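K.L.:
Output the structure for:
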Amino acid sequence: MPLIKVKLIDDVFAPEQKRKAIAELTRAIVSVQGRQPVTLVVIEEETGGAPLFPDESSPSTGERFQPSN
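P.N.:
Sure thing, here's the model as predicted:
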């Protein structure tokens, strides 16, 4: 049984986006294995912190990190 673990920053993805990600990951496993195995997708959400590279923009939103003072 394939096990896929995904770590996300808390409150970044909406529930519908998570459901879509689970469906797409499951489809990817089927395309590789060539059959429909039982696939377990675990999504772990973690509290986000400051970005590792605060002077770079986010690849997903294009927004730049603004530290809170």
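K.L.:
any low-confidence regions in the chain?
P.N.:
48-69 (pLDDT under 70).
K.L.:
where exactly do the strands run in the protein?
P.N.:
Ranges of strands within the chain are 3-9, 40-46, based on DSSP state E.
K.L.:
For Pro15, which of those strands is the nearest?
P.N.:
Of all these, strand 40-46 sits nearest to Pro15, with 10.4 Å by C-beta to C-beta. C-beta: built from backbone N, CA, C; applies to glycine.
K.L.:
export stretch 34-41 as PDB, just CAs?
P.N.:
Taking C-alpha atoms only, stretch 34-41 is exported to PDB below (Å, rounded to 0.1, in the frame of the first residue of the first chain):
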ATOM      1  CA  GLY A  34      -0.800   0.900 -13.500                       C
ATOM      2  CA  ARG A  35      -3.500  -0.200 -11.200                       C
ATOM      3  CA  GLN A  36      -5.700   1.300  -8.400                       C
ATOM      4  CA  PRO A  37      -3.900   0.400  -5.100                       C
ATOM      5  CA  VAL A  38      -5.200   1.400  -1.700                       C
ATOM      6  CA  THR A  39      -3.300   4.700  -1.200                       C
ATOM      7  CA  LEU A  40      -3.000   6.400   2.100                       C
ATOM      8  CA  VAL A  41      -2.400  10.200   1.900                       C
END
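K.L.:
Residues in contact with that stretch: which ones?
P.N.:
The contact list for stretch 34-41 (C-beta atoms under 8 Å, 6 or more residues apart in numbering) reads Met1, Pro2, Leu3, Ile4, Val6, Ala21, Ile22, Leu25, Thr26, Ile29, Val30.
K.L.:
Mind checking which of those residues are buried?
P.N.:
Ala21, Ile22, Thr26, Ile29 (16 or more other C-beta atoms under 10 Å).
K.L.:
so which two of those are the farthest from each other?
P.N.:
That would be Ala21 and Ile29, which, of the buried ones among the contacts of stretch 34-41, are the farthest apart (C-beta to C-beta) at 12.9 Å.
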